[in-house]
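# could you look at this predicted model? Sequence included:
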Amino acid sequence: MTANEFRRMALRLPDAIEAAHMGHPDFRVSGKIFATLGYPRQGMGVVILTREQQELFVRTEPTTFVPVPGGWGKKGSTHVMLRAATKAAVREALTMAWRNRADQ
């Protein structure tokens with residue numbers, strides 16, 4: 001998967017917009033970030049999942065999904081290794097992350 005594919009998937013979600021946070025593109029719904037791109041380096045994304053959702057993705061797709069180190073990861077922030085990612089898995093993770101924020 002490429003960064004542009006990740007971006008297009010995120011922006012296809014209802015009311016999603018692209019902005020920037022700390023010098024990296026992010027994707028928001030209802031003013032809340034649900035995903036970022038290019039952090040901490042190119043070829044990576046981040047989805048904001050619940051801890052339970054994160055555990056599921058890390059267990060089923062360990063080469064694609066990795067908890068962000070530290071406190072953010074303990075709250076569900078999850079790296080997406082784009083090169084290893086399938087479109088179906090990323091679409092599902094982005095949709096969950098979007099729903100988590102849209103429902104708040």
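That came through fine. Keep in mind that this is a model prediction, so the values were computed, not measured.
# contacting residues for the nearest residue to residue 1 once chain neighbours are set aside?
Distances taken as CB to CB, 6 or more residues apart in numbering put residue 85 closest to residue 1, at 4.3 Å, once the chain neighbours are dropped. C-beta: built from backbone N, CA, C; applies to glycine. The contact partners of residue 85, taken as CB atoms under 8 Å, 6 or more residues apart in numbering, are 1, 61, 64.
# surely the first one and residue 82 touch.
Yes: counting by CB atoms under 8 Å, residue 1 does reach residue 82; the two are 4.9 Å apart.
# shared neighbours, those two?
Shared contacts of residue 1 and residue 82 (CB under 8 Å, 6+ apart): residue 90.
# three-state assignment of residue 94?
Following DSSP: H, G, I helix; E, B strand; the rest coil, we place residue 94 in the helix state.
# what is the burial count for it?
Look at residue 94: counted by other CB atoms under 10 Å, it has 23 neighbours.
# so it sits right up against residue 9, yeah?
Yes: Residue 94 lies in contact with residue 9 (CB under 8 Å); the separation is 5.4 Å.
# ok so, going back, can you list the contacts of residue 85 in TSV and add neighbour count?
Formatted as TSV, the contacts of residue 85 follow (neighbours: other CB atoms under 10 Å):
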residue	neighbour count
1	20
61	20
64	21
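# can you map out the helices along the chain?
All helices of the chain, identified by DSSP state H, fall at 3-12, 51-60, 71-74, 87-102.
# in CSV, list these along with distance to residue 34 and mean pLDDT.
Shown next, in CSV, are the helices of the chain (distance: least, CB to CB, whole Å; pLDDT from 0 to 100):
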stretch, distance to residue 34, mean pLDDT
helix 3-12, 8, 98
helix 51-60, 12, 98
helix 71-74, 14, 96
helix 87-102, 4, 97
